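In: Structure for the following, please:
(one chain, ligands or ions: 1)
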Amino acid sequence: MELARFECDASQDAILASLSDDGVVVLDRLISDDVIDRLIGDVQPDLDRTPAAGGAFFGGAMKRVHALAAKSSAAGDIIADPLLGALADAVLLENCKSYQVQVLGILQVWSGGKLQPLHRDTGVYQPYVELEPGDKEILLSFIVAGTDFTAENGATRMVPGSHLWPRDRVATEDDVVLAEMAKGSAVVWLGSLLHGAGINRTETPRTAIVSGFSVGWLRQEENQYLSCPPDKAAALPPRVQQLLGYRAHTPVLGWSEDRDPELLLGPRKANHEAAGYDEQDLQNV
Ligand SMILES: O=C(O)CCC(=O)C(=O)O
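Out: Residues are numbered from 1 along each chain as shown. Predicted coordinates:
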């Protein structure tokens, strides 16, 4: 089996149908080399001083650098990509009023490691949130390939259809399909799908830009208010601020100083009006 693969101008209905059936799709050449190179260049000093380590969960040879929104404007260009937004709208907005970035980092797999265990991204909420197959999704995850992803260099291992499996079913190697893709392509998957990083058997690192969106009423896995504090977030485009979590989920969840956080970062009244809040919402939450 191969992962369903789409050009970026493909019908969104077709992409969503595959995402619903398989739980995972590849979007070919979604992000330009220019954006990826800018991001990796901006974060290179962090990568240079980070050991390729990690515990068993990370395979033992993975460099992980996060807080990307504060480190490179290119990170905002990626999370605000319109096609990723359209897919997140379709998958998550039936379960929330707005969504937010779940995590925003670079995962670099170096040689000498082991397989990352197959896991579901929703696992961070267990045992408190346990989704049954077919329940509304709470996460939509994605990785943009910062280098080509190949069988040899540790392409992410996906288990298509596992979002619909009984939760105690164990995947075998026959169930695993590799997200082989060119630099700039993205693999997008539902939070309840089994997946994990592969082993890099080459001499050059495999670089992933990992992110995703969670429903706005859930706590984010990476604390974006510390990763990208208000003094840094204030300089970012409004859409990026909102995606980082500087926005209340409905007027009464996530406020600060009696205000929607958007208002604390600058005059965002127009955004509020566009989002359908009325004047009263702006005055007092
Ligand atoms: O790097 C990858 O290919 C997948 C990483 C992943 O799923 C994780 O760290 O949770």
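In: Closest to the centroid, which residue in the chain?
Out: Gly212 (1.7 Å; Cα atoms, centre = their mean).
In: Would you state the strands of the stretch 1-150 of the chain in chain order?
Out: With DSSP state E, counting those that start in this stretch as the criterion, the stretch 1-150 of the chain has strands at 4-7, 24-28, 62-65, 99-101, 105-109, 139-145.
In: quick one: which of the ones you listed is nearest the ligand?
Out: Proximity to the ligand (Cβ to the nearest ligand atom) singles out strand 105-109 among the strands of the stretch 1-150 of the chain, at 4.1 Å. Backbone N, C-alpha and C define where each C-beta goes, glycine included.
In: measure the closest residue to Gly146 other than its chain neighbours to the ligand for me?
Out: Closest residue to Gly146 in three dimensions, ignoring its sequence neighbours and counting by Cβ to Cβ, 6 or more residues apart in numbering: Thr207, at 3.3 Å. Thr207 is 9 Å from the ligand, where distance means Cβ to the nearest ligand atom, to the nearest Å.
In: May I have the beta-bridge partners of Thr207?
Out: Beta bridges link Thr207 to Gln108 when assigned by DSSP bridges.
In: what's it in contact with, if anything?
Out: Contact analysis of Thr207 by Cβ atoms under 8 Å, 6 or more residues apart in numbering lists 40, 106-108, 145-147.
In: Secondary structure element holding the residue nearest to the centre of the chain?
Out: Counting by DSSP states H and E, the element that carries Gly212 is strand 206-215.
In: quick one: that strand to chain centroid distance?
Out: Centroid separation between strand 206-215 and its chain, computed with Cα atoms, centre = their mean, to the nearest Å, is 3 Å.
In: Would you agree Gln12 is in contact with Leu87?
Out: Yes - Gln12 lies in contact with Leu87 (Cβ atoms under 8 Å); the separation is 7.3 Å.
In: Which residue, other than its chain neighbours, is closest to Asp135?
Out: Leaving aside its chain neighbours, Asp135 sits nearest to Ser192 (7.9 Å; criterion: Cβ to Cβ, 6+ apart).
In: Below-threshold pLDDT in the stretch 151-285 of the chain: ranges please.
Out: Low-confidence segments of the stretch 151-285 of the chain, defined by pLDDT under 70: 266-285.
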